[in-house]
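Participant: heads up, no residue letters with this:
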């Protein structure tokens, strides 16, 4: 599966240069990891956002979000997809990048 390179570039710019930040091809797309923990990525045209599992249901109530499910019916809490309309404005993208960075930074390095 190809992924949206423009979205990857926008996320990359928003993440900036920070210690421990790496990129890795995963899920048929691109993942951004902080100290070995995935924080966000690009899957097709959508943004993968990793967040505190306790915040999953609240995040899914936001416009243009949906469950990220690669397991075939048993989605993991703490993973969502944000559709392109939710990322069109820079503040929308910033919100999700910040959410994902905050959670990844709370995890022990791998």
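Facilitator: All right, it came through fine. Predicted model, so just to flag it, every value in this text is computed and none were measured.

Participant: which ones are touching residue 41?
Facilitator: With contact set as CB atoms under 8 Å, 6 or more residues apart in numbering, residue 41 has these partners: 11, 26-27, 29-32, 47-48. The way it works is simple: take the backbone N, C-alpha and C, and place the C-beta from them, glycine included.

Participant: can I get those residues in CSV including neighbour count and pLDDT?
Facilitator: Shown next, in CSV, are the contacts of residue 41 (neighbours: other CB atoms under 10 Å; pLDDT from 0 to 100):
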residue, neighbour count, pLDDT
11, 24, 98
26, 14, 90
27, 18, 82
29, 20, 93
30, 21, 97
31, 18, 97
32, 25, 98
47, 30, 98
48, 26, 97
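
Participant: out of these, which comes closest to residue 74?
Facilitator: Of all the contacts of residue 41, the one sitting nearest residue 74 is residue 27; the distance, using CB to CB, is 15.8 Å.

Participant: where does pLDDT dip in this structure?
Facilitator: Low-confidence segments of the chain (pLDDT under 70): 1.

Participant: show me where it has its strands.
Facilitator: Using DSSP state E, the strands assigned to the chain run over residues 21-26, 29-34, 37-43, 46-50, 65-67, 79-82.

Participant: adjacent strands (with direction) for the first one?
Facilitator: According to DSSP bridges, strand 21-26 forms sheet pairs with strand 29-34 (antiparallel).

Participant: now do the contacts for the closest residue to residue 59 other than its chain neighbours.
Facilitator: Nearest in space to residue 59, with sequence neighbours left out and distances taken as CB to CB, 6 or more residues apart in numbering, is residue 80 at 5.3 Å. Listed by CB under 8 Å, 6+ apart, the contact set of residue 80 reads 48-49, 51, 56, 59-60, 65-68.

Participant: what about burial for those residues, which qualify?
Facilitator: With burial judged by 16 or more other CB atoms under 10 Å, the buried subset of the contacts of residue 80 is 48-49, 51, 56, 59, 65, 68.
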